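K.L.:
Build me a model:
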Amino acid sequence: MDKELQPNRQAMELCPCGILILDGAGTILRANRAIELMTGLNAEQLVGQNSEQTSSPALQTMLSNEALIQLVSSDAENIRYLYCTVADGEDGESIRYYQDVTEQTQLRGQNEQLQQQVQELAITDELTGLANPRALNRALNTQVTRSRRYGNPLSLIIAELSDNNAPQEQLPDSVILSVSRHLRYRLRWADTISRWDHNQFVIILPETGQQDCEKLLTKIRKGFSDIALPDEQVERSLVLQFGTTQWQKGDDSRKLMRKAVQNLTSEEALATNSA
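P.N.:
Modelled structure (predicted):
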């Protein structure tokens, strides 16, 4: 029998995967050399142990879990990840294979972290290409700082888009994109336009007082009724409502935004119907 098992034993020792062979009660019958290299546990001393009797937290974790397993060193400075798969052996035995995936797992974690950082650093809205809220906050803080320092005029506009025929319905991306282009093409190079929410846009107008802000609104309203919409959206009755405000001494960026929002919902807010 030993001669018959010898090739299997030799293959087990040569296998780069860690291997534990357990009997039907979960007691370790054999362990290979790779287990020692992965865990620092002595292969011979593992024989006869099971998850309930062992004093090793690492071995208990290895015997009690499948798929991805995390092993933490006793000093908590090192973490190793093993991927465990289980196969049925003969006479009720089970064979547990352990692959060291520490490097892959750490790289995946680093990639996820980098992706999150890239998202945090992104400054454009994916749909419209306009500035996103993060970029808007930076730009608005910069302009408010300039106004505080030099007393420069500064105007802010919030534009809210809706459909008179379905005011509670979320507008499709194609409509949002068409309106965003209409707004962007009517601004100066120094102005900043952002997609603030799904159907809201915020426009920063540096060096712009109330009179010039009103002129820009007139320019935006002009041609809005003829805005080019996709064929399947031409029956919509679009409304573009504005809330405007000008920077005054003592205003910070948050106060400026609050004032624009309040004017958006007031009776004096402007509306333009495309119907």
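
K.L.:
bridging residues for Q246?
P.N.:
S155 (DSSP bridges).

K.L.:
D251 versus S162, what's the distance?
P.N.:
Counting by C-beta to C-beta, to the nearest Å, the gap from S162 to D251 is 28 Å. Using the backbone N, CA and C atoms, a C-beta is placed for each residue, glycine as well.

K.L.:
Could I get the pLDDT score of N273?
P.N.:
Note on N273: pLDDT of 43.

K.L.:
Next, give phi and psi for H198.
P.N.:
phi -50, psi -40 (degrees, to the nearest 10).

K.L.:
Without its sequence neighbours, what residue ends up closest to it?
P.N.:
Sequence neighbours aside, Q170 is the residue nearest to H198 in space, at 6.3 Å (criterion: C-beta to C-beta, 6 or more residues apart in numbering).

K.L.:
That neighbour contacts I176, correct?
P.N.:
No. Counting by C-beta atoms under 8 Å, Q170 sits too far from I176 to count as a contact (9.5 Å).

K.L.:
Need the overlap of contacts for these two.
P.N.:
Common contacts of Q170 and I176 (C-beta atoms under 8 Å, 6 or more residues apart in numbering): 198-199.

K.L.:
Tell me which of these two has more neighbours.
P.N.:
More neighbours surround I176 than the other of Q170 and I176, with 19 against 10 (other C-beta atoms under 10 Å).

K.L.:
What residues of the host helix or strand of the more buried one count as buried?
P.N.:
If you go by DSSP states H and E, I176 is part of helix 173-184. Of the residues in helix 173-184, 175-180, 182-183 count as buried by neighbour count, 16 or more other C-beta atoms under 10 Å.

K.L.:
which among these gets closest to Q60?
P.N.:
Nearest to Q60 among these: I176, at 54.8 Å, using C-beta to C-beta.

K.L.:
The residue nearest to the spatial centre of the chain: helix or strand, and which one exactly?
P.N.:
Among the residues of the chain, the one closest to the centroid is Q116, at 5.7 Å (C-alpha atoms, centre = their mean). Assessed by DSSP H and E, Q116 sits inside helix 102-121.

K.L.:
pLDDT (mean, whole number) over that helix?
P.N.:
84.

K.L.:
can you list contacts of whichever helix or strand comes after it?
P.N.:
Sequence order places helix 133-150 as the next helix or strand after helix 102-121, per DSSP H and E. Outside helix 133-150, the residues within contact range by C-beta under 8 Å, 6+ apart are 120, 122-124, 131, 152-154, 156, 192, 194, 196, 202, 204, 206, 247, 249, 251-253, 256-257.

K.L.:
Which residue ranges of the stretch 151-275 of the chain form strands?
P.N.:
Ranges of strands in the stretch 151-275 of the chain, per DSSP state E, counting those that start in this stretch, are 154-163, 192-197, 200-206, 238-246, 270-273.

K.L.:
Could I get those in CSV, plus columns for mean neighbour count?
P.N.:
Formatted as CSV, the strands of the stretch 151-275 of the chain follow (neighbours: other C-beta atoms under 10 Å):
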stretch, mean neighbour count
strand 154-163, 23
strand 192-197, 20
strand 200-206, 23
strand 238-246, 21
strand 270-273, 15
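
K.L.:
For these, which has the smallest mean pLDDT value?
P.N.:
strand 270-273 (a mean of 44).

K.L.:
Among the buried residues of helix 173-184, which one sits closest to T61?
P.N.:
Closest approach to T61 among those (C-beta to C-beta): I176, at 50.2 Å.
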